[in-house]
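Student: Structure of the sequence below:
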Amino acid sequence: MPQLERWDNLPKGVRQHRSERMRDREISVSDLNQLRLWVEMA
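Tutor: As a prediction, the model looks like this:
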């Protein structure tokens, strides 16, 4: 399984880009928390 990088370790430009895509796609904080929990269980 590929390793996922922690948010704090991503370059500022990548974090900004991902934040914009989250807003564009209406991804909620709840959705992100569910993903985080799923990744931690894997």
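Student: What about residue 8, how many residues nearby?
Tutor: 6 (other C-beta atoms under 10 Å). Bear in mind the C-beta positions are built from the backbone N, C-alpha and C, glycine included.
Student: If you could redo that for residue 9, that was the one I meant.
Tutor: Residue neighbour count, defined by other C-beta under 10 Å, stands at 8 for residue 9.
Student: Identify the residues contacting it.
Tutor: Residue 9 makes contact with no residue, according to C-beta atoms under 8 Å, 6 or more residues apart in numbering.
Student: and it, how far is that from residue 26?
Tutor: In this structure, residue 9 and residue 26 are 26 Å apart, going by C-beta to C-beta, to the nearest Å.
Student: same question for stretch 16-28, mean pLDDT?
Tutor: For stretch 16-28, the mean pLDDT works out to 95.
Student: May I see the buried residues of that stretch?
Tutor: Of the residues in stretch 16-28, none is buried under the neighbour-count criterion (16 or more other C-beta atoms under 10 Å).
Student: List the contacts of it.
Tutor: Contact partners of stretch 16-28, identified using C-beta under 8 Å, 6+ apart, comprise 10, 32.
Student: can you dump the C-alpha coordinates of that stretch into PDB?
Tutor: Extracted as PDB, the C-alpha positions of stretch 16-28 are listed here (Å, rounded to 0.1, in the frame of the first residue of the first chain):
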ATOM      1  CA  GLN A  16      -3.000  25.200  -1.000                       C
ATOM      2  CA  HIS A  17      -3.900  23.200  -4.200                       C
ATOM      3  CA  ARG A  18      -5.500  20.400  -2.200                       C
ATOM      4  CA  SER A  19      -7.500  22.900  -0.100                       C
ATOM      5  CA  GLU A  20      -8.800  24.500  -3.300                       C
ATOM      6  CA  ARG A  21      -9.800  21.100  -4.700                       C
ATOM      7  CA  MET A  22     -11.500  20.200  -1.400                       C
ATOM      8  CA  ARG A  23     -13.600  23.400  -1.700                       C
ATOM      9  CA  ASP A  24     -14.400  22.800  -5.400                       C
ATOM     10  CA  ARG A  25     -15.500  19.300  -4.700                       C
ATOM     11  CA  GLU A  26     -17.400  20.200  -1.500                       C
ATOM     12  CA  ILE A  27     -15.400  17.700   0.700                       C
ATOM     13  CA  SER A  28     -16.200  18.300   4.300                       C
END
